[in-house]
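Visitor: the sequence isn't on hand, but the structure is:
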C-alpha cells in the first residue's frame, strides 16, 4: 500500500488543477445547446438568403419539362406560301403589305416566283429586310402557255418544293396571290390539313363570297360562279393541300395549255388530279367565316414625269 | 489539519471518477477543430447549392437599372393613326390588311371613324380581336360638306384627340387611309416629328410618286401634280404633325365647304394653317425612299345571289 500513500495536500492541489483545466476546456468548447442555437440562426439566415434567389433547374431536366407540355417547333406543320408575282407599278406596295401579314405567321416559308428571266434586286433586298424565311426564284411565263397568269410560276414553286422539302416533315402548300387580303386566323385554319382543306373566299366569282356548302360537317357542293362545270368551284386562295399530295399523285402540276374556250378552271383541274369532293376538310367554322378576300389592287393613274423621279424606286 | 486528512484511497477513487467525468464530457462535446471542419463542409455545401440559384435583384433596384440604358415606353412618342372608313364590300378586307400592318407598330393608337350615324358591330368585334389600342367612333358626313371624302371624319378624330390626349405626352398625328400600303419603317420615320414632317408617297398624283424636293437637308419644292397652286403638294399619307400643333394653331381642322371649282386641296389647306415650307422636316433618307403607297382597292365584280350567303359576313 506504500505506492498509494501520497500526501493528501498534493492530491488536493492536483484535484484543483484538474478542475481548473476541465473548466477552462469547457469554456473554450461550445455547449451542444449553444451549438444548436447557432445552427438554427445560421439556417434561418441561409433560408432568408435563399428567398432572394430563384432556382435554376437542371438544364437537361428543363429541356425535358419544356417539351412535355408544349409542341416542339418542328411538330407544327410548315406552311409553304407560294406567290407568283410580276413587275408592275403596284408590285412593291402589294408585296410590302403581304409581307406585313405573313411575317406574323409562325413556321411559314414564303416562295416568291418572279415572272421574268431574272429576279429583281430591289425586291430581293426587301425580302431580306423582312427577316422572313423565304425563297425568291424567277420563272418566265412560257410562250406556249395560254392558261391563267401565274401557272408556270406555281409549277416552278411546286418543283422547288419536291426538290427541297425535307422528307418526313409535316407541311401544307398554299397558293397566295400578292394582292389578296388575309386574316391571320386563315393560316392556323389550314395548317393541319391532312389531304385538302377548303374555306370561303370573299369578293370572288361575282359574289360577296364563294364558299363550299357544308352539311353535317361534310362538303356537299359550292356557292359560286359556274358550279355546274367546275367540280371544285373554289378560288386559288380557298384551299390548301398537304405536301404529301405532291408525291402521292406525282406529277401534280397546273395546266398551262388549254383549249381556247375554257377559262378560269385552273383550281378545279389541279385538284381533280388528287381529290374528290369527299376528301375536302371544311374549315373556318364549317365555312361560315371569311378569313381571305380576293381583292385586286386598282391600276394607278397614268404615269408621267418619270425622269424626274429617277432617284427613288417605287 | 484534521479536515484535510482524508484517506488517500478515497481521493484516488474520487480523482478517477473526476477524470472519467471529464473524459465523458469531452467526448459528448465537439472539439473546435471538428467544429471548424463541419462548418467548412456546410459552407461548401451551401455554396454548391447557391450555384444552382440565380440572384433575384432587389425589385426597386431592377426598375432603376432597366430604365437607365433603355428608353421608357412613355418616352417613345405615341402615334395617333386616324383612319376614316365607310361601308363597302372591301371594307373588312382593307381594314384586316391594315390592322396586320399597324399591329406591329409600337405605341400606336388607332382612331377608326365610321362614316355613318352608328358604328358597325362586326367591325368593332374585329377591332377587339386585333388586340390593338384603338378608338372606334362614328361621324356621318354632313349634308353641307362638299369637300373630299373623309374630311368630317378626320375632324371628328382631331376633336377626339384634343379632348382625350394626356397633356404633356409626346405624340404625332397621322392620317392613314384604309386602302394604302405601309412599310413598317414609315412609322419610325414619323415618330419624332417636332412640328411637321414629310416624305414621298408612291403611286399618287399621276406620277410614280409625289415627293418633296430636298436640297441641303431643306425642302425647296415638290414633284407632283399641281405644284403651282398647292403650297404643300403632298398626299394625305405623306405627312405627320406633332400633336401640339393642334393646340398651337387651334382650331386646326379640315375644310368641309369649298368653292365648286377647287379639288383635292384638303392637305395643303390644312397645313397652311400652321406651317410654312421652312418648317418641313424631310424624312425617308432625304425623301429618296418610298415607304407608303397610295394604293386603291379595285371594286369587286357585280354582286348577285346575296341571299344564299346570309350565313356569312364578308
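Guide: Right, received. Where do you want to start? Every value quoted in this text rests on a predicted model; they were computed, and no experiment measured them.
Visitor: from here on, just use CA atoms for contacts and neighbour counts.
Guide: Fine.
Visitor: can you list the residues of the stretch 201-314 of chain A near chain B?
Guide: Residues of the stretch 201-314 of chain A lying close to chain B by C-alpha under 8 Å from any C-alpha of the partner chain are A:202-209, A:223, A:288-290, A:292-293, A:295-306, A:308-309, A:311-314.
Visitor: in strands only, show me those residues.
Guide: In this view, these that belong to strands under DSSP state E are A:202, A:209, A:223, A:292, A:293.
Visitor: which one (most neighbours) among the residues you listed?
Guide: residue A:202 (31 neighbours; other C-alpha atoms under 10 Å in any protein chain shown).
Visitor: beta partners for that one?
Guide: Residue A:202 has the following beta-bridge partners by DSSP bridges: residue A:209, residue A:293.
Visitor: residue contacts, the residue nearest to residue A:134 when sequence neighbours are not counted?
Guide: Among residues not flanking residue A:134 along the chain, residue A:110 sits closest, at 4.5 Å (C-alpha to C-alpha, 6 or more residues apart in numbering or on different chains). Going by C-alpha atoms under 8 Å, 6 or more residues apart in numbering or on different chains, residue A:110 touches A:80, A:81, A:82, A:83, A:132, A:133, A:134, A:135.
Visitor: try it again at 10 Å.
Guide: Taking C-alpha atoms under 10 Å, 6 or more residues apart in numbering or on different chains, we find residue A:110 in contact with A:79-83, A:99, A:102-103, A:127, A:132-136, A:174, A:176.
Visitor: now the residues you listed: which count as buried?
Guide: By neighbour count, with 16 or more other C-alpha atoms under 10 Å in any protein chain shown, these hold A:79-83, A:99, A:102-103, A:127, A:132, A:134, A:136, A:174, A:176 as buried.
Visitor: still on that earlier bit, format the ones in strands among the residues of the stretch 201-314 of chain A next to chain B as a markdown table; extra columns: distance to residue B:251 and pLDDT.
Guide: Below are these laid out as a markdown table (distance: C-alpha to C-alpha, whole Å; pLDDT from 0 to 100):
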| residue | distance to residue B:251 | pLDDT |
| --- | --- | --- |
| A:202 | 42 | 95 |
| A:209 | 44 | 93 |
| A:223 | 52 | 93 |
| A:292 | 41 | 98 |
| A:293 | 40 | 97 |
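Visitor: buried sites along stretch A:171-190?
Guide: Quick answer for stretch A:171-190 (16+ other C-alpha under 10 Å): A:171-184, A:186-187, A:189-190.
Visitor: do you know how far the spatially closest residue to residue A:264 that is not a sequence neighbour is from residue A:271?
Guide: Spatial nearest neighbour of residue A:264, excluding adjacent residues (C-alpha to C-alpha, 6+ apart): residue A:148 at 6.6 Å. For residue A:148, the distance to residue A:271 equals 15 Å [C-alpha to C-alpha, to the nearest Å].
Visitor: neighbour count winner among these two?
Guide: Using other C-alpha under 10 Å, the more surrounded residue of residue A:148 and residue A:271 is residue A:271, with 20 against 16.
Visitor: average pLDDT across the helix or strand the more buried one falls within?
Guide: According to DSSP states H and E, residue A:271 maps onto helix A:266-272. For helix A:266-272, mean pLDDT is 94.
Visitor: same deal with stretch A:149-160?
Guide: Average pLDDT, stretch A:149-160: 95.
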